[in-house]
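# A structural model of the following input is requested.
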Amino acid sequence: QVQLVESGGGLVQPGGSLRLSCAASGMIGSINEMAWYRQAPGKERELVARVTSGGSTNYADSVKGRFTISRDNGKNTVYLQMNRLNHEDTAVYYCNAEIRPRFVSAYRSYWGHGTQVTVSS
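Numbers count the residues shown, from 1 in each chain. Here you go, the predicted model:
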């Protein structure tokens with residue numbers, strides 16, 4: 001069984017910072033791409049940032065220059081450092097990873113349960 005567990009969400013004032021973490025655990029063979037998505041009330045889930053196993057990154061235009069995605073392959077963990085947060089960043093943030101479970105030949109997409117980020121004064 002493979003699972004993703006997010007942590008680090010919470011309430012922060014505009015202009016503040018938060019760091020999200022997502023740890024993959026279980027019968028993991030290898031991990032390809034890891035990513036963060038978010039879903040605000042009444043909106044569709046959108047990609048925030050992603051990082052390949054080699055460290056290449058992509059960001060949504062709305063977070064470029066403010067958010068940084070990184071990963072620790074030894075810990076099977078992906079991070080999202082969020083700076084200069086604003087009201088539009090309020091959403092549930094979900095971790096996603098392409099994982100090949102042990103003894104399985106194909107990669108599968110796994111999701112965490114999400115962590116709430118609320119930006120409010």
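
# which residues touch the helix or strand hosting residue 71?
Secondary structure assignment for residue 71, by DSSP states H and E: strand 67-72. Strand 67-72 has contacts (CB atoms under 8 Å, 6 or more residues apart in numbering) with 34-36, 48-51, 55, 57, 59, 77-83. Glycine gets a C-beta too; all of them are placed from N, C-alpha and C.

# if we go to 7 Å?
The set of residues external to strand 67-72 that reach it, using CB atoms under 7 Å, 6 or more residues apart in numbering, is 34, 36, 48-51, 57, 59, 77-82.

# Then stretch 42-60?
Stretch 42-60 is contacted by residues 31-39, 63, 67, 69-71, 73, 78, 80, 94 when judged by CB under 7 Å, 6+ apart.

# Repeat that for stretch 81-89.
With CB under 7 Å, 6+ apart, stretch 81-89 has contacts from 12, 14, 15, 16, 17, 18, 19, 66, 67, 68, 117, 119.

# how far out from the middle of the chain is that stretch?
14 Å (CA atoms, centre = their mean, to the nearest Å).

# which parts of that stretch are buried?
Within stretch 81-89, the residues that count as buried by 16 or more other CB atoms under 10 Å are 82, 85, 89.

# Give the bridge partners for residue 23, please.
Here residue 23 sits in beta bridges with residue 5, residue 77, going by DSSP bridges.

# centroid residue for the protein?
In the chain, the centroid-proximal residue (CA atoms, centre = their mean) is residue 36; its distance is 2.8 Å.

# quick check: angle from the particular helix or strand that has residue 96 in it to strand 67-72?
Element membership for residue 96, per DSSP H and E: strand 91-101. On the basis of axes from the mean of the first three to the mean of the last three CA atoms, to 10 degrees, strand 91-101 is oriented at 30 degrees to strand 67-72.

# Strand 91-101 pairs with which strands?
strand 28-39 (antiparallel), strand 108-111 (antiparallel), strand 115-119 (antiparallel).

# Can I get these in a markdown table including mean pLDDT and distance to residue 8?
A markdown table is the format used below for those (pLDDT from 0 to 100; distance: least, CB to CB, whole Å):
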| stretch | mean pLDDT | distance to residue 8 |
| --- | --- | --- |
| strand 28-39 | 97 | 11 |
| strand 108-111 | 97 | 17 |
| strand 115-119 | 98 | 6 |
